[in-house]
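> here you go, sequence then predicted model.
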Amino acid sequence: MDESIKELRKICQESRYENEGGMPWFERNFYRRISIYFTKLFLKIGLSANQATLLSLISALVGGFFLIFANNTLYLLISALFLIFSLILDRVDGEIARYNKSDSKFGRYFDFMVGSSAQSYINICMTFGAYNALHDPTVFAFGFLAVIVPWLSVVSSFFLLYREPILYGEKVLPNKSEKTSDKKVLLENICMNPMRRVNNFLGPVALMYPILMITALDVYFAPVSLNIPIIGLFVVNARYAFLIVYGVGKLSSFILKMRSLHKKEFGSKHN
Amino acid sequence: MSRGSESIKELRKICQESRYEGGMPWFERIFFRRISIYFTKLLLKMGISANQATLISFFIGIIGGSFFVFGDPKYWVVGALLLYPCMVFDRVDGEIARYNNSASAAGEYWDGVCDIFLNSYRMACMTLGIYSLFHELPVLIFGYIAVASPLFSHISKLLAYKLELFSESFINNDNIKTKKSKKQILFRYGSLIFNPHESIVLAILAVAMIDLYIPAVIIVIPLIGSFMINARYVYIILYGVAVLIVTIFRVHNVINKGTIPNF
């Protein structure tokens, strides 16, 4: 463990993005630039990759807890610190695994489970924060939607690709290399790509940033009351609006994704 | 011969017995398959396809689940009773597919996704219903656990499949013939109480009936405080925590032993 930071970057970071044509801008500037120092520290202490994953979980749990309070700048800053730290630690575990050459399926399994559960935990904490600010239980109806749909989206895509082949006793992996010049597929790609970009922004990778920004909005702006005919009076703040947009947007993108997956996997015939 | 003109006995042979080679579990036979075959015959005569039966089951489930939003246990009884046809139609679609020889991966897939969604939807509605009674935040915390932990459990299983973290005995799962261990039997009975796909109708019905006649109890826990508790609240707590513990146990097993346990 005597490498300089530059050498460590080569070992731990650049090998990860070789096949993907370089590191994305956001990734490089916001995570990898800092994460390497933590990697060096952890390697010196002798922490393993799984222990780094566990630390990332704990940091996310602490950071999420501080989102529960209604409108408080100090608590928001504390939670931002912990949440960004957990995102950085999420990169550190991969780097440690690459350095130690201890990259294993179990490590990936653990990493994914921790990542996905931390995301919905933070979502739930923000819902409680919105409730504490508004005292309106309808927040939770949208809060439940915002928790169920992203998980269901992950479950159903795994379900589609991996469950059936094993149930039937033989393993058939989906063929990704298949190229079609069909006009319909092209059109679908054009329609779906912006959706995917929005999805990536709101999805499991960087959900924490919009949540933190929107909680910050709530600190400075008072809630707005909307009078919707027939339904009644609603008091909406930024977090509530985010939950509604996120839940409904995720639901519609989930349905679109399922449709295109259905067409791709099963063809367009119906029985 | 027109569709569905076979007698009930013949239909049972075609649609049901081919599904269970090692014999039908008693719970399944008594509560669902005994009745579902009549609906299968009816729908076959009407010319409804398997996917349409799935859709019927989904809509009944959505309507039945919505009844749980209300705090009054009478609505819960109605919701639980509506849940029953939803589950019967869930069996009917498979039977129609087996009759028509139209069983497909797509049909099974949509069936599974609808099941998972309906389960979470029910739990969310139940939580809101209990919250409207007590107006206590712990209800929502346990509700979130009950909503999220079944999904968490599915992901922990399916991700392990994806990464191929399973033993040989898991793929060639022939535990019907082999003798079950004590642990497996325990989990079998545990899943009868907590498994959403088999006994949730009975569990919800029982819990709602208890609440119809017995009022909520105040429990005082030293240091923490006092809570209002009724049977439905206890059910939500037990369900969520039990599924969560099983899931954590599974993840622990996968990471330390490298295989998915058989539950």
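Nice, I can see it.
> which parts of stretch B:138-154 are buried?
Using 16 or more other CB atoms under 10 Å in any protein chain shown as the test for burial, stretch B:138-154 gives B:138-140, B:142-154. Where C-beta positions appear, they are placed from N, C-alpha and C, glycine not excepted.
> which of the residues you listed come close to chain A?
Here is what survives when these are matched to chain A using CB under 8 Å from any CB of the partner chain: B:140, B:143-144, B:147-148, B:151-152, B:154.
> before we move on, the earlier item: in helices only, show me the buried residues of stretch B:138-154.
Here DSSP state H is the test, and these give B:138-140, B:142-154 as lying in helices.
> please name whichever of these scores lowest on pLDDT.
Taking those together, the minimum pLDDT is found at residue B:154 (82).
> apart from its chain neighbours, what residue comes closest to that one?
Counting by CB to CB, 6 or more residues apart in numbering or on different chains, residue B:154 lies nearest to residue A:155, which is 4.7 Å off, once chain neighbours are set aside.
> tell me the buried residues in the strand or helix carrying the one you found?
Element membership for residue A:155 (DSSP states H and E) is helix A:138-158. Using 16+ other CB under 10 Å as the test for burial, helix A:138-158 gives A:139-158.
> how about residue A:47, phi and psi?
phi -80, psi 140 (degrees, to the nearest 10).
> next, the contact list for it, please.
Residues counted as contacts of residue A:47 (CB atoms under 8 Å, 6 or more residues apart in numbering or on different chains) are A:55, A:96.
> for the stretch 101-250 of chain B, give me the ranges with low pLDDT.
For the stretch 101-250 of chain B, the stretches flagged by pLDDT under 70 are B:105, B:162, B:164-198.
> which residues of it lie near chain A?
So the stretch 101-250 of chain B meets chain A at B:102, B:104-109, B:112-113, B:116-117, B:120-121, B:124, B:127-128, B:131-132, B:137, B:140, B:143-144, B:147-148, B:151-152, B:154-156, B:158-166, B:171-172 (CB under 8 Å from any CB).
> now, of those, which are buried?
Applying 16+ other CB under 10 Å to these flags B:105-109, B:112-113, B:116-117, B:120-121, B:124, B:127-128, B:131, B:140, B:143-144, B:147-148, B:151-152, B:154-156, B:158-163, B:165-166 as buried.
> got the phi and psi for residue B:80?
phi -70, psi -40.
> okay, it: pLDDT?
89.
> now do residue B:25
pLDDT, residue B:25: 69.
> again with residue A:55
Residue A:55 is given a pLDDT of 92.
> just the element for it, please.
Per DSSP H and E: helix A:49-65 holds residue A:55.
> how about residue A:17?
Using DSSP H and E, residue A:17 falls within no helix or strand.
> run a quick neighbour tally on it.
The local packing of residue A:17 (other CB atoms under 10 Å in any protein chain shown) involves 14 other residues.
> burial count for residue 125?
No chain in the question, so chain A it is. By other CB under 10 Å, the residues close to residue A:125 number 23.
> the intended chain is chain B.
Residues near residue B:125, counting by other CB under 10 Å, number 24.
> residue contacts, it?
Listed by CB under 8 Å, 6+ apart, the contact set of residue B:125 reads B:65-69.
> just confirm residue A:39 contacts residue A:12, I think it does.
Yes - between residue A:39 and residue A:12 there is a contact at 6.0 Å, judged by CB atoms under 8 Å.
> returning to that earlier point: of the contacts of residue B:125 - the most surrounded one?
Counting neighbours by other CB under 10 Å, the top entry in these is residue B:68, with 26 neighbours.
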